[in-house]
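[1] fold the following, please.
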Amino acid sequence: MKKLLISAITLSLLAGAATTASAAGPRDHRQDPRASHQAQQQDNRYERRAAKRFHAGRYQPPRGYQARRFHRGQQLPAAYRNRAYAVNYRTYGLQAPPRGYEYRRVGNDVVLTALASGIITAVVLDLFN
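    Numbering: from 1, shown residues only. Next comes the predicted model:
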């Protein structure tokens, strides 16, 4: 009796799995271009191009550093955490930074960094000419 019950349960589970697999139809393993575009947009919300470019004073990188592009998740070197690289968000039409964050100029870009750790959370590309 026990063997009969176990085999009946197993058969019903297998039959249920087979019907759900056939009801779904054949799977297309090619990537949907819309899905990749959406994923790309989601990634780019933290790195975006500036809508308007501004003229600012000549940029002088900190001693021993060359201007380069930083990306979200990287740590901004301590030399950039100087007041000389702070950017007033109101002047350039940026959103107010959250508490504990500040905008810093790196070349022609502006990065939003955590004050305590220097981790970059957002990048505005080519804000300055």
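
[2] tell me where the chain has strands.
    According to DSSP state E, the chain carries its strands in the segments 47-49, 101-106, 109-114, 120-125.

[3] list the contacts of R69.
    V106, G107, D109, V123, L125 (C-beta atoms under 8 Å, 6 or more residues apart in numbering). In this view, the C-beta of every residue, glycine as well, is placed from N, C-alpha and C.

[4] revised request: answer the last question for Q95.
    Taking C-beta under 8 Å, 6+ apart, we find Q95 in contact with Y89.

[5] show me which helix or strand of this protein is least confident by mean pLDDT.
    Within the chain, no helix or strand scores below helix 33-44, which has a mean of 50 by mean pLDDT, DSSP states H and E.

[6] number of nearby residues for the closest residue to G107 other than its chain neighbours?
    The spatial neighbour of G107 that comes closest, neighbours along the chain excluded (C-beta to C-beta, 6 or more residues apart in numbering), is A67 at 3.7 Å. A67: 13 surrounding residues under other C-beta atoms under 10 Å.

[7] just checking, A67 touches V106?
    Yes - in this structure, A67 is within contact of V106 by C-beta atoms under 8 Å, at 6.8 Å.

[8] before we move on, back to that, just the buried subset of the contacts of R69, written out for ChimeraX, thanks.
    The ChimeraX selection below is limited to those of those classed as buried (16 or more other C-beta atoms under 10 Å):
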select :106,107,109,123
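
[9] quick one: which of the contacts of R69 is nearest E47?
    V123 (4.5 Å; C-beta to C-beta).

[10] which strand residues bridge the closest one?
    With DSSP bridges as the criterion, V123 is bridged to E47, V111.

[11] begin at 7 from now on, thanks
    Shifting the count to begin at 7 puts that one at V129.

[12] count of neighbours near the residue lying closest to A62 once chain neighbours are set aside?
    Excluding the flanking residues, the one nearest A62 by C-beta to C-beta, 6+ apart is F134, at 4.7 Å. F134 sits with 18 neighbouring residues when counted by other C-beta under 10 Å.
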